[in-house]
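[1] Sequence first, then the predicted structure, then my questions.
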Amino acid sequence: MYAIETDLLSKIYKNGLKAVDEVSIKIENGEIFGFLGPNGAGKSTTIMILTTLLKPSSGKAFVAGFDVASQAKKVRENIGYVQQDSTVDEYLTGRENLILQAKLNHLPKEFMQKQIDDILGIVELTDRQHEQVVTYSGGMRKRLDIAGGLLHRPKVLFLDEPTLGLDIQTRYKIWEYIKKIHTEFGMSIFLTTHYMEEADKLCDNISIIDHGKIKVTGSPRSLKSSLGNEVVVFETDSDEKLDNLISDLKAISIVKEVTSDASKITVFTTNGDLLMPKIFQQANELGMKVETISLTKPTLDDVFLSYTGRDLREDNGKYDRKKERERLRKIRA
Ligand SMILES: Nc1ncnc2c1ncn2[C@@H]1O[C@H](COP(=O)(O)OP(=O)(O)OP(=O)(O)O)[C@@H](O)[C@H]1O
Ligand SMILES: [Mg+2]
């Protein structure tokens, strides 16, 4: 039995938008699995289906062995869900929030207080538990959110963008907590993120998702090495014959993949040192000059680029996350 298994899972919203498109995944027990994708890729929609908050339009999904459509109650008993946006009450203390949540989850009373003590310890909020959440930092709130998802010791924990909007140091801290709870409880974790580094650091396996569709699945390491082990990025002085140059490069045996974004060309290769002189030579033959060139190791962002033709980082600036959030909140309410 898998922790999570879906088969051709799809969701079409009322407006006709296919937010999740025939997603099939298998997640082993104890695995940390990540959905890596840009804004609007369908990550939260998938999580909402798996946590039984949304009905799929078609396809099947099983969580902890239970069917999300026909055994929703059983699914809910076995999962923890930490939403993208914080759900804690700011005017209650940290502990009061957890008590409230424990009651909503019908946690047995005798078990509840000890459980809350333990979990506050794990997320290191014991000292601040009697203070109102309004006084907490973003990282502390997120830790409290995560604590809430752990209260009934779920078999499968869902974390929707666990470090969104946090500064880099706080993000690293949250990664440590996620690793710690994973070691401590051994549960399976399904997380979504659009930070490639997060997927890289935390996940055993990931799927890259874009426009509701899975583009590729594998361990971060295998995805990166499938591109060859090196990346050469260069720019030329003119893009008139860029297409010719790209097709010339694609014909070279040590070249795995070539992508272009305006005048920036990215070449995935098994041997960067050997490739670089060839790039100069081919460009020269076409009457072009190479203006900048650099050799790096592939990142998951490169993997994303090679499968979607777009840069994962690009989306961040153009998109007004707050506005979109507000819009969705209204639709969903
Ligand atoms: N209730 C809804 N009705 C119509 N469209 C929706 C609804 N909820 C989400 N969408 C759209 O479905 C797509 C997927 O949204 P979703 O929130 O699942 O993406 P996401 O990957 O979680 O994005 P983000 O990184 O912004 O959280 C988006 O295009 C979004 O605008
Ligand atoms: Mg989302």
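    That came in fine, so what should we check first? Numbering: from 1, shown residues only. Ligands and ions are numbered 1, 2, ... in the order given.
[2] Would you check how far apart the residue positioned nearest the centre of the chain and Asp200 are?
    Taking CA atoms, centre = their mean as the criterion, Thr193 is the residue nearest the geometric centre of the chain, at 2.4 Å. Thr193 sits 10 Å away from Asp200, going by CB to CB, to the nearest Å. Where you see a C-beta, it was placed from the backbone N, CA and C, and this is true even at glycine.
[3] returning to what we had before: residue contacts, the residue nearest to the centre of the chain?
    34-36, 161-163, 199 (CB atoms under 8 Å, 6 or more residues apart in numbering).
[4] Recalculate using a threshold of 10 Å.
    34-37, 43, 159-164, 199-200, 202-203, 206 (CB atoms under 10 Å, 6 or more residues apart in numbering).
[5] Please state the offset of the longest helix seen in the chain from the chain centre?
    Counting by DSSP state H, the longest helix found in the chain is helix 168-185. With CA atoms, centre = their mean, to the nearest Å as the basis, helix 168-185 stands 15 Å off its chain's centre.
[6] Give me the contact list for it.
    By CB under 10 Å, 6+ apart, helix 168-185 touches 30-32, 80, 118-119, 122-124, 137-140, 142-143, 146-147, 149-150, 153-155, 157, 159, 162-167, 187-189, 191, 195, 197-198, 201-202.
[7] These in helices, which ones?
    118-119, 122, 138-140, 142-143, 146-147, 149-150, 197-198, 201-202.
[8] picking that back up, filter the contacts of Thr193 down to the ones near ligand 1?
    When contact is defined as CB under 6 Å from any ligand atom, the contacts of Thr193 meet ligand 1 at 37, 43.
[9] In this protein, which residue sits nearest ligand 2?
    Going by CB to the ion, ligand 2 is nearest to Ser44 of the chain, at 3.1 Å.
[10] and that residue, which of the three is it?
    helix (DSSP: H, G, I helix; E, B strand; the rest coil).
[11] so who does it touch?
    Here Ser44 is in contact with 19, 35, 53-54, 83-85, 160-161, 192, 328, 332 (CB under 10 Å, 6+ apart).
[12] what's the most distant pair in those residues?
    Farthest pair in these (CB to CB) is Phe35 and Arg332. Separation: 19.1 Å.
[13] who's more crowded, these two?
    Phe35 (26 against 10; other CB atoms under 10 Å).
[14] burial count for Gly94?
    With other CB under 10 Å as criterion, Gly94 counts 28.
[15] That one and Asp118, how far apart?
    14 Å.
[16] list the buried ones in stretch 54-71?
    Across stretch 54-71, burial judged by 16 or more other CB atoms under 10 Å covers 54, 56, 59, 61-66, 68, 71.
[17] Also stretch 31-44?
    31-38, 40-44.
[18] try stretch 161-174
    Buried residues in stretch 161-174, defined by neighbour count with 16+ other CB under 10 Å: 161-164, 166, 170-171, 173-174.
[19] Going through the contacts of helix 168-185, which ones are buried?
    31-32, 80, 119, 122-123, 139-140, 142-143, 146-147, 149-150, 154-155, 157, 159, 162-164, 166, 187-189, 191, 195, 197-198, 202.
[20] Glu184 - how many residues pack around it?
    12.
[21] can you list the residues of the chain near ligand 2?
    43-44, 84 (CB under 5 Å from the ion).
[22] now do the same end-to-end measure for stretch 235-245.
    The first and final residues of stretch 235-245 sit 12 Å from each other (CA to CA, to the nearest Å).
[23] Buried residues, it. List them.
    Those would be 236, 242, 245, for stretch 235-245 by 16+ other CB under 10 Å.
[24] Give the full set of residues in contact with the last one.
    Spelled out, it's Leu245. Contacts of Leu245 (CB under 10 Å, 6+ apart): 234, 236, 239, 258, 260, 265, 279, 282-283, 285-286, 288, 290.
[25] so which one among those residues has the lowest pLDDT?
    In this model, the minimum pLDDT among these belongs to Asp239 (83).
[26] Could you measure from it over to ligand 1?
    31 Å (CB to the nearest ligand atom, to the nearest Å).
[27] and if you look at Ser247?
    Ser247 is 34 Å from ligand 1, by CB to the nearest ligand atom.
[28] Let me know the helix or strand that that residue is in.
    When elements are assigned from DSSP states H and E, Ser247 belongs to helix 242-250.
[29] Mind giving me the packing neighbours of the helix or strand following that helix?
    Tracing the chain C-terminally past helix 242-250 and defining elements by DSSP H and E, one meets strand 255-261 next. Applying 3 or more CB pairs under 10 Å, 6 or more residues apart in numbering; DSSP states H and E, we find strand 255-261 packed against strand 230-236, helix 242-250, strand 264-269, helix 272-285, helix 300-308.
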